[in-house]
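**Q** Let's see this in three dimensions:
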Amino acid sequence: MAACRALRTLAQLATGPPDSIHPLSAHREVEPLFRRLGDRPWLARVLNNEGVFLAALGRPAEAALAYEEAAALHLANADPVMAASTLLNWAELLADDGRPAEAQVHLEKARQLLGALPAPPAWVMRTCETLTARLAGHRP
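**A** As a prediction, this is how the structure comes out:
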């Protein structure tokens, strides 16, 4: 388990430009290990990161699938903050892909999750507010 987490961390710290295939490859290597171990919280994080890398590589359909599975796992793990974060990533992907109506659906789901928390973290609220403004047409 520790080796899987170490490899995941190394993948995030990998050198090279953000659109590098290497971090994605490293995440794809550890994904099956987390599946076999049944470590759903870490699997959800890995899938979310894969979505980020896939989006950066211009592979929105694959990124959306990664985000979909990650969000479902975060919800199943009773982690609404990380579920909201993944939904916001997915919404941003859709906005970038010229699909604002679909992005708005995921943004609203994230807002509902965050709204149910007594004190949602500031970092995820800032992301939510930034994306809300962008989808409202305040920022390209």
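**Q** Counting neighbours, which bits of the strand or helix carrying residue 68 end up buried?
**A** According to DSSP states H and E, residue 68 maps onto helix 60-76. Residues of helix 60-76 classed as buried: 60, 62-64, 66-71, 73-75 (neighbour count, 16 or more other C-beta atoms under 10 Å). Backbone N, C-alpha and C define where each C-beta goes, glycine included.
**Q** Using CSV, write out every CA atom in that helix.
**A** Output of helix 60-76 as CSV, limited to C-alpha atoms (Å, rounded to 0.1, in the frame of the first residue of the first chain):
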residue,chain,number,x,y,z
PRO,A,60,-11.9,15.3,-22.8
ALA,A,61,-14.0,12.1,-23.3
GLU,A,62,-11.6,10.0,-21.3
ALA,A,63,-11.2,12.8,-18.7
ALA,A,64,-15.0,12.9,-18.2
LEU,A,65,-15.1,9.1,-17.6
ALA,A,66,-12.3,9.4,-15.0
TYR,A,67,-14.1,12.3,-13.3
GLU,A,68,-17.4,10.4,-13.4
GLU,A,69,-15.9,7.4,-11.6
ALA,A,70,-13.9,9.5,-9.2
ALA,A,71,-16.9,11.6,-8.2
ALA,A,72,-19.0,8.4,-7.6
LEU,A,73,-16.3,6.9,-5.5
HIS,A,74,-15.9,10.1,-3.4
LEU,A,75,-19.6,10.1,-2.8
ALA,A,76,-19.6,6.4,-1.9
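**Q** What mean pLDDT does it get?
**A** For helix 60-76, mean pLDDT rounds to 97.
**Q** Ends of stretch 72-80, what's the gap?
**A** In terms of C-alpha to C-alpha, to the nearest Å, the two terminal residues of stretch 72-80 are separated by 10 Å.
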